[in-house]
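Undergrad: Give me a model of this one.
(2 chains)
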Amino acid sequence: DIQMTQSPSSLSASVGDRVTITCRASQSISTFLNWYQQKPGEAPKLLIYAASSLQSGVPSRFSGSGSGTDFTLTISSLQPEDFATYSCQQSYSTPYSFGQGTKLEIK
Amino acid sequence: QVQLQESGPGLVKPSGTLSLTCAVSGGSISSSNWWSWVRQPPGKGLEWIGEIWHTGSTNYKSSLKSRVTISVDKSKNQFSLKLSSVTAADTAVYYCARVTITIPLYGMDVWGQGTTVTVSS
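TA: Model prediction:
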């Protein structure tokens, strides 16, 4: 099974900051990497698929990059509504697996 | 647009069987998608449980495979999850999700709101 590891586990930042979250796969997954945003009490929301493609309706301040085993999610200028938990997920093979999540908090 | 809605008991006794259903509206369960179950224990990350295709073909997480059954009812446009021999470790919010495979998109793009299941006597 493929293991997904995110860093950091939590992150404090201010509105307007640029933040980067990292996700590493235990083996190469090409670009079969998705990012989800989850707010308290809500279901996850697909933000980025195929490592770098923005899901419809997602603001352009979100971007993703990477291939193989190392991936990043970047938010260029944090907005108040971006404070949430972000999780990566590999869809290269079943069983699909998620990272443990990165909680982005207001500084 | 497609919407998913989970339903089922919120409380299950230890050693019992957890049973949930996900109703699909605004689209057909026979479309070219996998249909997944994902859970999230309190304060923890997301865990994929398994998925089903409308033909009945399934994939399961290895560590849960002996206890999990996912089935589909095309006449009701819904799919279901059964998890047997539950313990407190199975307490979680359970989500159903659509897995879209329209390359390059291969991800869970539609989610239900989630339902909380507590395992307790």
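Undergrad: List the residues that contact residue 50.
TA: I went with chain A, as the question did not name one. Applying Cβ atoms under 8 Å, 6 or more residues apart in numbering or on different chains, we find A:Ala50 in contact with A:Thr31, A:Phe32, A:Leu33, A:Asn34, B:Pro104, B:Leu105, B:Tyr106. Every residue, glycine included, has its C-beta placed from N, CA and C.
Undergrad: should've been chain B
TA: When contacts are counted by Cβ under 8 Å, 6+ apart, B:Gly50 touches A:Pro95, B:Ser36, B:Trp37, B:Thr58, B:Asn59, B:Tyr60, B:Lys61, B:Leu64, B:Val68, B:Ile70, B:Leu81.
Undergrad: got it, and B:Leu81?
TA: B:Leu81 sits in contact with B:18-22, B:37, B:49-50, B:68-70, B:94, B:96, where contact means Cβ under 8 Å, 6+ apart.
Undergrad: Would you mind writing the PyMOL command to select the buried ones in those?
TA: Those of the contacts of B:Leu81 that count as buried under 16 or more other Cβ atoms under 10 Å in any protein chain shown are selected in PyMOL with:
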select buried, chain B and resi 18+19+20+21+22+37+49+50+68+69+70+94+96
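Undergrad: I'd assumed B:Val86 was in contact with B:Gly16.
TA: Yes - at 5.9 Å, B:Gly16 counts as touching B:Val86 under the criterion of Cβ atoms under 8 Å.
Undergrad: Identify the contacts common to these two.
TA: In contact with both B:Gly16 and B:Val86: B:Val119, using Cβ under 8 Å, 6+ apart.
Undergrad: before we move on, back to that, I'd like to know which of the contacts of B:Leu81 is nearest to chain A.
TA: Nearest to chain A, judged by Cβ to the nearest Cβ, of the contacts of B:Leu81 is B:Gly50 at 8.0 Å.
Undergrad: if we can go back for a sec, now, which of the contacts of A:Ala50 sits nearest A:Pro40?
TA: Checking the contacts of A:Ala50 against A:Pro40 with Cβ to Cβ, the nearest one is A:Asn34 at 20.8 Å.
Undergrad: hmm, who's touching the helix or strand containing that closest one?
TA: Using DSSP states H and E, A:Asn34 sits in strand A:33-38. The contact list for strand A:33-38 (Cβ under 8 Å, 6+ apart) reads A:23, A:25, A:44-51, A:62, A:64, A:66, A:71, A:73, A:82, A:84-91, A:98, A:101, B:46, B:106-108.
Undergrad: again, but for stretch B:64-71
TA: B:37, B:49-52, B:56, B:58, B:60-61, B:79-86.
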